[in-house]
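In: After the sequence you'll find the predicted model.
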Amino acid sequence: MSIQNIYSQWVLAPVMDWMLSAKELDRRRRMVVPRAAGKVLEIGFGTGLNLPHYSSAVTSLTLLDPENLLPQRVQARMNACRARQVVRTSASAEKLPFTDATFDMVVSTWSLCTIPDAQAALAEVRRVLHPRGTLLFAEHGRAAERFVAAWQDRLNPIQKWLTCGCNLNRPIDLWITDAGFTIQELSRSPLEGSPRIMGSMYVGVATR
């Protein structure tokens, strides 16, 4: 196992699990995840922090991530999930191993910041969604203020190194629309209690 893998598994994973379970992030998570229903795909599910927020309206839930982080913690969260069927798949969101129009909804929370080619992943998400399908998202990205965005650009290389690929400065809403989605709802706001360079929180709903 490489030093990077050891760092990712034993240092970054528990730290990110703790950070992403913060009250303000969970509040935003609860704005979108409970709305999932039908056949659902979650990309970049990480350590499974969304799992307690799915309801029995989800007939099947496919969890996709190329990494196997905190497996015992994830399994416990899967066992407690109220979705009727939960399965996990190790694969990249940039090349989804599913046929066209497989899912009713796709969920992405704090994943598009880290996926190396997030635009390719969004194109794949659109492909595997039903023609009337929905993308539910809660992400962080580029700030609206030019001064803050300029600092995000300066600090992004350090951020990526420390967090194994997480970017500060991605224009999430533009990338979603560029992939062919129509954004139906969008809330953008700073994260309370965090440095402004962490950028805007993007929470919303987009249709195919």
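Out: On my side now, so go ahead. Numbers count the residues shown, from 1 in each chain.

In: so where is this protein shaky, pLDDT-wise?
Out: Within the chain, the ranges that satisfy pLDDT under 70 run 1-10.

In: need the longest helix for it.
Out: helix 146-162 (DSSP state H).

In: next helix or strand past that one?
Out: helix 172-178 (DSSP states H and E).

In: Contacts for that next one, please.
Out: For helix 172-178, contacts defined as CB atoms under 8 Å, 6 or more residues apart in numbering pick out 112, 118-119, 122, 135, 137, 139-142, 183, 186, 188, 202, 204, 206. Bear in mind the C-beta positions are built from the backbone N, C-alpha and C, glycine included.

In: Do a quick rundown of the strands in the chain.
Out: With DSSP state E, the ranges of strands along the chain come out as 38-43, 58-64, 86-89, 103-109, 129-141, 182-190, 200-207.

In: The fifth one packs against which elements?
Out: Same thing as strand 129-141. Other helices and strands packing on strand 129-141, by 3 or more CB pairs under 8 Å, 6 or more residues apart in numbering; DSSP states H and E, are helix 23-32, strand 103-109, helix 172-178, strand 200-207.

In: switch to 6 Å and redo it
Out: The elements that strand 129-141 packs onto, with contact taken as 3 or more CB pairs under 6 Å, 6 or more residues apart in numbering; DSSP states H and E, are helix 23-32, strand 103-109, strand 200-207.

In: re the thing from before, which of the strands of the chain sits most buried?
Out: strand 103-109 (a mean of 25; mean count of other CB atoms under 10 Å).

In: Mind listing the strands that strand pairs with, and their directions?
Out: Each strand paired with strand 103-109, and its direction, by DSSP bridges: strand 38-43 (parallel), strand 129-141 (parallel).

In: May I see those strands organised as TSV, with distance to His53 added?
Out: Shown next, in TSV, are these (distance: least, CB to CB, whole Å):
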stretch	distance to His53
strand 38-43	11
strand 129-141	11
